[in-house]
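A.B. asks: this is a predicted model, with the sequence first.
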Amino acid sequence: MSETGSTAHDVGEGHGLRRSLGFRDLVVYGLLFIAPMAPVGVFGTLDARSHGAVALVYVVATIAMAFTAFSYAQMVRVVPQAGSVFAYARAGLGHGAGFVAGWMALLDYVLIPAVAYLFSGIAMEALVPEVSRWVWTALAVVVTTLLNLWGVRTAARVGFLVLAMEIVVLVVFVVAAIVVLARDGAQRDWLSPLTGDGTQGAFALSAVVGAVSVAVLSYLGFDAIATFAEEVTGGSAKVARALLFCLALAGVLFVAQTYLVALLEPVTSAELAARPERQGAAFYDAVDSSVGRWLHDLVAVSKAIGAAFAALAGQAAAGRLLFAMGRDRRLPGALSRTDSGVPRVALLVSAVITMAAAVWAAQRPDGLDHLVSVVDVGALTAFTLLHASVVGWFAVRRAGGGRVSWWRHVLIPVVGAAITLAVIVEASGTAQVVGAIWLVIGLVVLGVQARRGRPVGV
């Protein structure tokens with residue numbers, strides 16, 4: 001049986017997903033997970049870490065992620081399966097590498113929604129300080145989980161309305177920021193978002209690269225689009241196009257808004273670095289002081305709703321990854337059960353884990369910093385294996401058939417892997433330790449499976 005057909009199941013068997021998504025739905029899910037105003041929550045952290053060169057961070061991050069998006073587009077065409085990087089690494093490198101890629105991506109897909117839910121809680125607390133952020137965070141988990149359990153099409157329809165609202169608010173912010181800058185001038189030098197504000201010394205490329213390891217968090221939704229490959233109508237080419245489109249659009253939006261808000265920011269990057277408790281609300285504070293409370297509240301409401309629905313898309317992607325690994329018996333088989341084409345068991349497991357992480361972080365003053373610092377190491381490791389799987393599938397195994405394109409199937413993935421490895425090296429020590437521990441646990445699980453006769457080789 002072919003690689004792409006080996007895991008096909010009918011919905012009626014209890015292990016199949018229903019094909020109901022079009023290109024627009026994929027873009028909606030991708031942009032929801034990415035979130036048009038994703039930098040709002042991490043602006044202060046990035047500004048502090050990059051010494052003020054926050055717009056440059058997003059330029060570098062967009063270029064870095066473009067290599068990964070291209071590798072995803074290559075593999076989704078030949079392995080259009082719900083497991084995304086788990087399925088790709090398994091096809092290109094073997095069962096063991098596939099499990100490791102899925103295992104590391106799982107850390108990412110569980111923690112990213114937790115960060116998004118926490119952003120939602122922080123935004124709502126800014127509007128209603130009488131209610132603790134952990135209460136808002138938990139409420140967001142419950143509401144979005146119910147929508148995911150309802151079905152992928154229902155969630156996509158509601159998500160489209162939320163996405164439209166976010167884009168409108170973003171346009172309002174951009175126009176208001178330009179008006180204020182034209183009327184009152186900038187708080188920082190006009191080139192500082194690209195060169196640094198100089199308050200932490202001379203420009204340091206290492207500081208920018210270190211901040212990229214956090215900024216990558218803003219983009220991770222584009223890869224989640226690939227997890228819906230078994231639910232799209234009209235072929236996997238739509239998935240590839242949606243991946244590339246979402247990344248390009250997100251890059252433009254992120255650079256534009258961080259450039260503008262950095263010019264409005266009255267607090268220096270050095271002050272934010274010295275007072276990490278102010279980093280989470282830095283974007284809101286800059287808008288409040290420069291434009292007015294009305295825009296502060298508008299952005300906060302948009303972020304509260306938008307972040308919750310970014311988590312909805314992330315939770316849906318996590319559910320599909322758990323579903324695929326359960327179907328392949330790499331995780332408990334119960335995770336592969338579906339009800340009317342919805343992987344409800346996997347979604348509930350994902351929701352419980354995410355709820356625990358998000359509420360824990362919401363009750364700690366440094367919770368956001370802890371989550372943000374570790375959330376993308378799993379994804380970056382999985383991305384590295386993704387790039388290797390492109391080389392393995394097309395250049396080594398030559399499973400793609402036809403002539404090998406050395407720039408598409410070797411050069412781009414090798415450069416992409418070098419970039420993701422460099423970002424891992426520049427990540428925080430805490431992130432590296434957490435990633436290493438999670439990897440060791442995964443290898444132990446893989447070893448147990450090997451002893452029980454599960455294949456781990458090519």
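C.D. replies: Received it, and whenever you're ready, just let me know what you need. Numbering: from 1, shown residues only.
A.B. asks: residue 241: how many residues sit nearby?
C.D. replies: As a burial measure, residue 241 scores 15 neighbours (other C-beta atoms under 10 Å). From N, CA and C alone the C-beta is placed, and that goes for glycine too.
A.B. asks: low-confidence ranges, the stretch 1-150 of the chain, go.
C.D. replies: Counting by pLDDT under 70, the stretch 1-150 of the chain shows low-confidence ranges at 1-20, 82-83.
A.B. asks: swap the cut-off to 80 and go again
C.D. replies: Across the stretch 1-150 of the chain, the ranges flagged by pLDDT under 80 are 1-25, 28-30, 32-35, 41, 80-84, 108-109, 123, 126-127, 148, 150.
A.B. asks: the helices in it, which residues?
C.D. replies: 23-34, 39-49, 54-78, 85-93, 95-127, 133-150 (DSSP state H, counting those that start in this stretch).
A.B. asks: of the ones you listed, give the one that comes closest to residue 353.
C.D. replies: Residue 353 lies closest to helix 95-127 among the helices of the stretch 1-150 of the chain, at 5.1 Å (C-beta to C-beta).
A.B. asks: what's the closest one packed up against?
C.D. replies: Contacts defined by 3 or more C-beta pairs under 8 Å, 6 or more residues apart in numbering; DSSP states H and E place helix 95-127 against helix 39-49, helix 85-93, helix 133-150, helix 293-327, helix 344-362, helix 367-374, helix 377-390, helix 429-451.
A.B. asks: remind me what the shortest one packs against, helices and strands.
C.D. replies: With contacts defined as 3+ C-beta pairs under 8 Å, 6+ apart, the packing partners of helix 367-374 are helix 39-49, helix 95-127, helix 344-362, helix 429-451.
A.B. asks: for residue 378, which of the ones you listed is the nearest?
C.D. replies: Among those, if distance is taken as C-beta to C-beta, the winner is helix 95-127, at 3.3 Å.
A.B. asks: return the residue of the chain that is most distant from the centre.
C.D. replies: Each residue of the chain has a distance to the centre, and by C-alpha atoms, centre = their mean the biggest one is for residue 183: 36.4 Å.
A.B. asks: quick one: it from residue 360, how far?
C.D. replies: Per C-beta to C-beta, to the nearest Å, residue 183 is found 44 Å from residue 360.
A.B. asks: just put the helices and strands packed on helix 95-127 in CSV and tack on mean neighbour count and distance to residue 69.
C.D. replies: Compiled in CSV, those are given as follows (neighbours: other C-beta atoms under 10 Å; distance: least, C-beta to C-beta, whole Å):
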stretch, mean neighbour count, distance to residue 69
helix 39-49, 28, 19
helix 85-93, 29, 13
helix 133-150, 20, 25
helix 293-327, 25, 15
helix 344-362, 21, 24
helix 367-374, 22, 22
helix 377-390, 27, 10
helix 429-451, 14, 22
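A.B. asks: worst average pLDDT in the ones you listed?
C.D. replies: With a mean of 72, helix 367-374 has the lowest mean pLDDT of the helices and strands packed on helix 95-127.
A.B. asks: what's the angle from that helix to helix 429-451?
C.D. replies: Interaxial angle of helix 367-374 relative to helix 429-451 (axes from the mean of the first three to the mean of the last three C-alpha atoms, to 10 degrees): 60 degrees.
A.B. asks: export helix 367-374 to CSV, keeping only CA atoms.
C.D. replies: Output of helix 367-374 as CSV, limited to C-alpha atoms (Å, rounded to 0.1, in the frame of the first residue of the first chain):
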residue,chain,number,x,y,z
GLY,A,367,4.8,32.3,34.7
LEU,A,368,4.8,33.9,31.3
ASP,A,369,8.5,34.1,31.2
HIS,A,370,8.9,30.5,32.1
LEU,A,371,6.4,29.3,29.5
VAL,A,372,7.8,31.5,26.7
SER,A,373,11.4,30.5,27.4
VAL,A,374,10.7,26.8,26.9
